[in-house]
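# Sequence first, then the predicted structure, then my questions.
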Protein chains: 2
Amino acid sequence: MKTLSPLQLHRLSYKPALPSLLRNIKEVIPLKHASKKNEKNDSNDSALAELIPHMYSLPHLHFERGETQMKFPALKVGVILSGGQAPGGHNVIAGLLDALKKLNPASRLIGFLNGPGGLIKNQYIELTEKNIESYRNQGGFDLIGSGRTKIETPEQFEAAGNTLQKHDLDGFVIIGGDDSNTNAVFLAEYCKKNNIGTRIIGVPKTIDGDLRNAFIELPFGFDSASKIYSEIIGNLAKDSLSAMKYYFFVKLMGRSASHLTLECALQTQINLALISEEIAENKYSLFDVVQQIADLVCERAKANKHYGVILIPEGLLEFIPECQAMIKELNIYLSGQKGATGQLRDKNGEERKELLRQHLSEASMHCFDLFPEEIQKQLLLDLDPHGYIQFSKIETERLLISLVEKELSERQNKGAYAGKFSPQPLFCGYEGRSGLPTNFDCQYCYALGHLAVLLIQHGATGYICCITDLEKPVDKWGIMGVPIGSLLHFEMRKNKKQAVIQKALVDLRGAAFGKFKRVRENWRIQDAYISPGPIQFEGPPEITQNPPITLLLLRG
Amino acid sequence: MKTLSPLQLHRLSYKPALPSLLRNIKEVIPLKHASKKNEKNDSNDSALAELIPHMYSLPHLHFERGETQMKFPALKVGVILSGGQAPGGHNVIAGLLDALKKLNPASRLIGFLNGPGGLIKNQYIELTEKNIESYRNQGGFDLIGSGRTKIETPEQFEAAGNTLQKHDLDGFVIIGGDDSNTNAVFLAEYCKKNNIGTRIIGVPKTIDGDLRNAFIELPFGFDSASKIYSEIIGNLAKDSLSAMKYYFFVKLMGRSASHLTLECALQTQINLALISEEIAENKYSLFDVVQQIADLVCERAKANKHYGVILIPEGLLEFIPECQAMIKELNIYLSGQKGATGQLRDKNGEERKELLRQHLSEASMHCFDLFPEEIQKQLLLDLDPHGYIQFSKIETERLLISLVEKELSERQNKGAYAGKFSPQPLFCGYEGRSGLPTNFDCQYCYALGHLAVLLIQHGATGYICCITDLEKPVDKWGIMGVPIGSLLHFEMRKNKKQAVIQKALVDLRGAAFGKFKRVRENWRIQDAYISPGPIQFEGPPEITQNPPITLLLLRG
């Protein structure tokens, strides 16, 4: 049976261009380079030095073209996909294989199955041209699967190390997000300490866009996902404008950070986009957010516009202090008091509140009261296996609709609003993770795969692949290796101080948010909607080579 | 501020190809043609003859290329968009304008605003190259808006007739679905009877695909919408296969008929697609449908697959006899008994059921009992302004998830199922109505606009534009005018026998459904997912000129 569409078939023959330095990696040599100040990790030096002594003070690696074509021994490299899907993952693998074969045709690539678990359990397949050829430039992670297991316990490190040794791997590539790359440096440290020769290299992946810093301009997958969502949002905006009767409340995937929401807002120019980071900075309450939306609806109603589009980042509620506080108090009560859930289950709405009032602060009780009864019930009774509230299960777009409806009906009663409010909830989520990657992501990922091989070839371990100048044409992209240790900082995770790569939130002082802030006022009432349309693979560069707006604004 | 994306801008310069007969409409002449038997309406002859005496027995119109280029006087034509958005509407208008100007540069086109209401109220703008140029090949209906007003009462007919006369229109084009085209023939009859010279022409539009018959192969918009949905579904399938942990329950727009669901199933080869028409023919109950889905989940679980994709047509519940009966009984009770809703509101779930038991049949009560309490409450308390149940507000995808969850947990208790069931509800809806039209829809609509002018030019009224052989290359497409009167039949609407164009449901004996039936068994357990990817505008024909599969299978 046919399992590739005409477009999938067509994409198999797409040849991603490479940055000029990666075109012939046999010629490329490390550049002797004095570490610049900003390349060093200058926080928590001693604690980090103790934690990852071999990985802490590594230099950044830069490369240049050498004089001669060198000869290289065959390499054996392993690879895993880790965490959520992101368009382009298969092209990192294709880049790895092609680069390995260019170095030496006898090189081999081993794909461990279903994420870090495959390394721990030594489940793998050998990746050859034959089994990757139908995955080139395709979406999904289905070639070798992915998983969310972390290598954390001493036993897991030992098992992972054993697998690396058993296969006698020269290199091991972890394609993942912030946590997976944090994991990579600890695995690198473990290998160094235990004289395992495998070099560990990370590749920055996540549609959420929150793995970026002074060096990593963007993780792969973000471009494709933001374009898939922008197509949908642009279509909804056009529909909203045409039918003139619906308010679309669109929640966007992206975990905590609002990068995807900001990018999609700039791409589509819809009426309102909530940016969690700004809401946190302004210390807005849930009530404030509802007022903001209701104000928009009322203002537009005065212009006889009873339609619109509102973007809501997935992580919104986490950034509203009172919601955070309420969840914390509820968790203490529910997990601390035996039988609390059972007691709550047997009561009706009013009795339940009476009971809660004895355990929550006044502010938290007020916040709880704002929630519709259905969501209250869901919060209290649908706990995770550890007895904690499943905050992420709240459908924020529906919660906001329900609160805005209530607010508007109160305003209507006071004569402050007249109009018909027809909201439609929507979630732009899973469909963005496994679509066909854009030309940008195809090329970016293919280059990342090549760079990973280059780093392994030159003995680097504990490094993350970093392609720079992504806003320029592909041949002008730069390459470097960034020591992951230099990206670590300490933060509290699960009540423990841990060294992790910090999730990058939207920079409220950055150029992208600055631009959004300057123009968004114009989008509220007048309809400046843009419809980016479906991702295009063929045609002139303006429709096929258009990196994210937030990337173009990276340097202001 | 920029309000067109690079792709929208790029699409402005796309030149839709025309069928060879429409390339120079000044040469085209009507073909003297003996009406074939199947072209006549042979049901309810006398009743229809009485209702639309001038429109009833018109011949089909065919055309051929004449010998000479003729001279034509300038025409003045009006146009409205009627009903829901469908990609391509703006290209019908572009086709009208270009064809009018080709006939005679002094011709004029008047666009009435926001649907039939604009004709009744004489609200309009003149459409010129200047104001349509930025709408060529674009989605949405925002150039002149649309509306759902019907021309029904004598006053409305009079007002519409007055507007037509006031503007001295030679022709008036209604771009709409089945009801709008029904309306067109009655307006044509009214004009004829009242000596208004305007010729009324219909254009078949609807993403739902339910306006088709022996002559109309497909309404416009269906191709674009089905491809927008198929992109999303293909992405979800790829994600499902990659993450291996979610069941996506995707509801698809399309009103009663399951055309969009069938097309998207053939495009994406997901695990299960419910086809309402088949469920009705088999007289399945809601319980049966739930069993079907639960069986799929259990079978896949045995193959260690705890993920999948299921398509659900929007109109599903309408086709389940017991649901229909329950709604009917509930409506009789709620609208017939004063204060019933108030009584129900004050009660809790159990008391509510007790009360209902006195008013519903056992079968309906059984059906009601199947529904989760939340949906029961929504059904009973969230009535429409006339006091009727809002059946369409039920989120069928969520209802099914909740019922399947219950069924699976019972099977789990019995040891008949083991696995983790993580369902995700989704609705493919509004984003499909206003996307950029495919090349197919751009060309189809542009041709429809030309054909409408040709029909008006040759004096036809009460006709619908019919482009044939749509599965062939554009230059080989055929053209004809089909008298709308020949498409009417009588059915009960709002308790009244009315002459309407019958909505075309999925033909369970047609080749498209036949193909689906033959192959769907293979899609259940093995994953034969296809990812059609985003609509492409540039590139080889296999990715840019690919009409719907159900169209290609039209002739078996």
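Now that the structure is in, tell me what you want to look at. Numbering: from 1, shown residues only, chains lettered A, B, ... in the order given.
# A:Gly349 and A:Glu373 touch, don't they?
Yes: with contacts counted by Cβ atoms under 8 Å, A:Gly349 reaches A:Glu373, the gap being 5.0 Å. Every C-beta, even on glycine, is put in place using the N, C-alpha and C of the backbone.
# what separates stretch A:59-74 from the chain centre, distance-wise?
32 Å (Cα atoms, centre = their mean, to the nearest Å).
# Which of the residues in it are classified as buried?
Within stretch A:59-74, the residues that count as buried by 16 or more other Cβ atoms under 10 Å in any protein chain shown are A:59-61, A:63.
# just the helices in the stretch 351-500 of chain A please.
All helices of the stretch 351-500 of chain A, identified by DSSP state H, counting those that start in this stretch, fall at A:362-370, A:373-381, A:396-413, A:439-457.
# Compare these and give me the one nearest B:Ile310.
Closest approach to B:Ile310 among those is made by helix A:396-413 (21.7 Å; Cβ to Cβ).
# Which elements pack onto the closest one?
strand A:247-252, helix A:286-302, strand A:308-313, helix A:373-381, strand A:423-428 (3 or more Cβ pairs under 8 Å, 6 or more residues apart in numbering or on different chains; DSSP states H and E).
# Which residues does that helix contact?
With contacts defined as Cβ atoms under 8 Å, 6 or more residues apart in numbering or on different chains, helix A:396-413 is touched by A:249-251, A:286, A:289-291, A:293-294, A:297-298, A:310, A:312, A:314, A:316-317, A:370-372, A:375, A:417-418, A:421, A:423, A:425-427.
# Mind checking which of the residues you listed are buried?
A:249-251, A:286, A:289-290, A:293-294, A:297-298, A:310, A:312, A:314, A:316-317, A:370-371, A:375, A:417, A:421, A:423, A:425-427.
# residue closest to the middle of chain A?
Nearest to the geometric centre of chain A sits A:Asp208, at 2.2 Å (Cα atoms, centre = their mean).
# give the contact list for it.
A:177, A:219, A:222, A:253-257, A:259-260.
# Dihedrals phi and psi, the spatially closest residue to A:Pro437 that is not a sequence neighbour?
Closest residue to A:Pro437 apart from its sequence neighbours, by Cβ to Cβ, 6 or more residues apart in numbering or on different chains: A:Pro87 at 3.7 Å. Backbone torsions of A:Pro87, given as degrees, to the nearest 10, read phi -60, psi 130.
# residue contacts, A:Pro87?
A:139, A:207, A:220-221, A:224-225, A:433-438, A:441.
# just so I have it, where are all the strands in the stretch 101-250 of chain A?
A:108-112, A:124-127, A:146-147, A:171-176, A:199-204, A:247-252 (DSSP state E, counting those that start in this stretch).
# From the contact counts, what lies against the last one?
I take that to be strand A:247-252. Using 3+ Cβ pairs under 8 Å, 6+ apart: strand A:247-252 touches helix A:222-243, helix A:259-268, strand A:308-313, helix A:396-413, strand A:423-428.
# coming back round to it: for the strands of the stretch 101-250 of chain A, give me JSON lines that also has mean pLDDT.
Formatted as JSON lines, those follow (pLDDT from 0 to 100):
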{"stretch": "strand A:108-112", "mean pLDDT": "98"}
{"stretch": "strand A:124-127", "mean pLDDT": "98"}
{"stretch": "strand A:146-147", "mean pLDDT": "95"}
{"stretch": "strand A:171-176", "mean pLDDT": "98"}
{"stretch": "strand A:199-204", "mean pLDDT": "98"}
{"stretch": "strand A:247-252", "mean pLDDT": "98"}
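# okay, these in CSV with distance to A:Leu97 next?
Compiled in CSV, the strands of the stretch 101-250 of chain A are given as follows (distance: least, Cβ to Cβ, whole Å):
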stretch, distance to A:Leu97
strand A:108-112, 5
strand A:124-127, 6
strand A:146-147, 18
strand A:171-176, 11
strand A:199-204, 14
strand A:247-252, 34
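# Just the CA atoms of the helix-or-strand element of chain A with minimal mean pLDDT, as CSV, please.
Within chain A, no helix or strand scores below helix A:340-345, which has a mean of 78 by mean pLDDT, DSSP states H and E. Provided in CSV are the C-alpha atoms of helix A:340-345 (Å, rounded to 0.1, in the frame of the first residue of the first chain):
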residue,chain,number,x,y,z
ALA,A,340,-8.6,14.7,51.1
THR,A,341,-9.5,13.8,47.6
GLY,A,342,-12.1,11.3,48.8
GLN,A,343,-13.7,13.9,51.0
LEU,A,344,-13.8,16.4,48.2
ARG,A,345,-15.2,13.8,45.7
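# which residues touch the nearest residue to A:Arg65 once chain neighbours are set aside?
Spatially, and ignoring its direct neighbours in sequence, A:Arg65 is nearest to A:Glu27 (5.4 Å; Cβ to Cβ, 6+ apart). Contacts for A:Glu27 were tallied using Cβ under 8 Å, 6+ apart; they are A:65-66, A:68-70.
# Among those residues, which one sits closest to chain B?
Taking Cβ to the nearest Cβ as the measure, chain B lies nearest A:Arg65 of the contacts of A:Glu27, at 34.0 Å.
# Check whether that closest one really touches A:Leu21, as I assumed.
Yes: the pair A:Arg65 / A:Leu21 is scored as a contact, 6.5 Å apart, by Cβ under 8 Å.
# So which bits of the stretch 251-400 of chain A are right by chain B?
Contacts of the stretch 251-400 of chain A with chain B, taken as Cβ under 8 Å from any Cβ of the partner chain, map to A:267, A:269, A:348, A:374.
# if I look at the second one, how far off is B:Thr3?
It stands for A:Gln269. Separation of A:Gln269 from B:Thr3 (Cβ to Cβ, to the nearest Å): 7 Å.
# Pull up the overlap in contacts between the two.
Counting by Cβ under 8 Å, 6+ apart, the residues touching both A:Gln269 and B:Thr3 are A:528-530.
# In TSV, list the residues you listed along with distance to chain B and pLDDT.
Output for these, formatted as TSV (distance: Cβ to the nearest Cβ, whole Å; pLDDT from 0 to 100):
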residue	distance to chain B	pLDDT
A:Ala528	5	97
A:Tyr529	7	98
A:Ile530	5	97
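# any residues in contact with both of A:Arg65 and A:Leu21?
Here A:Arg65 and A:Leu21 have A:Val28 as joint contacts, going by Cβ under 8 Å, 6+ apart.
# pLDDT value on the residue nearest to the centre of chain A, please?
pLDDT recorded at A:Asp208 is 96.
# And it, its phi and psi?
Here is the backbone geometry of A:Asp208 (degrees, to the nearest 10): phi -70, psi -20.
# I figured A:Glu263 hits A:Pro548, correct?
Yes: using Cβ under 8 Å, A:Glu263 is in contact with A:Pro548, at 5.2 Å.
# between the two, what contacts are shared?
A:222, A:226.
# Output the set of residues of the stretch 51-200 of chain A in proximity to chain B.
For the stretch 51-200 of chain A, the residues in contact with chain B (Cβ under 8 Å from any Cβ) are A:84-85, A:114, A:138-142, A:145-146.
# Identify the spatial nearest neighbour of A:Gly481, chain neighbours not counted.
Closest to A:Gly481 by Cβ to Cβ, 6+ apart is A:Leu61, at 3.6 Å.
# Contact partners for that neighbour?
A:30, A:33, A:455, A:458, A:460, A:463, A:480-482.
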